[in-house]
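Asks: need a structure here:
(one chain, ligands or ions: 1)
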Amino acid sequence: MAFYVGPWPPNLPGDSRGGFLGLFNNPNNTANAVFPPTVAVEFDPFRNDWDPNNTVNHLGVDVKSITSRAYVALPDGSFNGTMSAWVRYETDMSTLSVALRFDDLPELGLYNVSAIVDFKDAGLPPDAAVGFSGATGDFIERHQILSWSFESTLTSVAVVNKTVVGSYVVHEHNVLLF
Ligand SMILES: [Ca+2]
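Replies: Numbers count the residues shown, from 1 in each chain. The predicted structure follows:
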């Protein structure tokens, strides 16, 4: 699953099923003509061809591509139980940083990844959508967003739907995002 920032209003890119998380077009499909600019933080428990080859589970920052610009490898089997994640964007440094804690496996400590991301260069419009999206496919997982919050120093943030009953079926994968 992924937390993302993308165009508003959000729509489903063509051929973005499976491991493309419903966020990125399959770049191998020549029928795709529209590539919505999207920046995402992926919590990925399934290794596809485009994923890092030294790990299965990883936490990645994706910028207009399903291939992560930066990632951190996570232990096998760690995407289980309750987790907490913090996503932060520092405008001055154009840096997107993510911290992930496995609440049920505290001995693992914190995992961090960060990447230089310029939202304007990424093509994101001034009005952007923020939310969650998940993969589809033959392997079933259950992701539950137990709680999340969003803060911005901008004055014009419209909360369209603050009720999140996040239980979409796609491994037990409970995430608290702050
Ligand atoms: Ca994947």
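Asks: just checking, G19 is part of a helix?
Replies: Yes. Looking at G19 with DSSP: H, G, I helix; E, B strand; the rest coil, it is inside a helix.
Asks: ok, now how distant is it from F79?
Replies: Using C-beta to C-beta, to the nearest Å, we find G19 at a distance of 15 Å from F79. C-beta coordinates here come from the backbone N, C-alpha and C atoms, glycine included.
Asks: Looking only at neighbour counts, state which of the two leads.
Replies: Between G19 and F79, F79 has the larger neighbour count (other C-beta atoms under 10 Å), namely 26 against 19.
Asks: Do I have it right that D127 meets W8?
Replies: Yes. In this structure, D127 is within contact of W8 by C-beta atoms under 8 Å, at 4.5 Å.
Asks: Tell me which of the two has more neighbours.
Replies: Remark: of D127 and W8, W8 carries more neighbours, 15 against 10, as counted by other C-beta under 10 Å.
Asks: Read off the pLDDT value for that one.
Replies: Here, the pLDDT recorded for W8 equals 87.
Asks: Can you list the low-confidence ranges for this structure?
Replies: Along the chain, the parts satisfying pLDDT under 70 run over 155-178.
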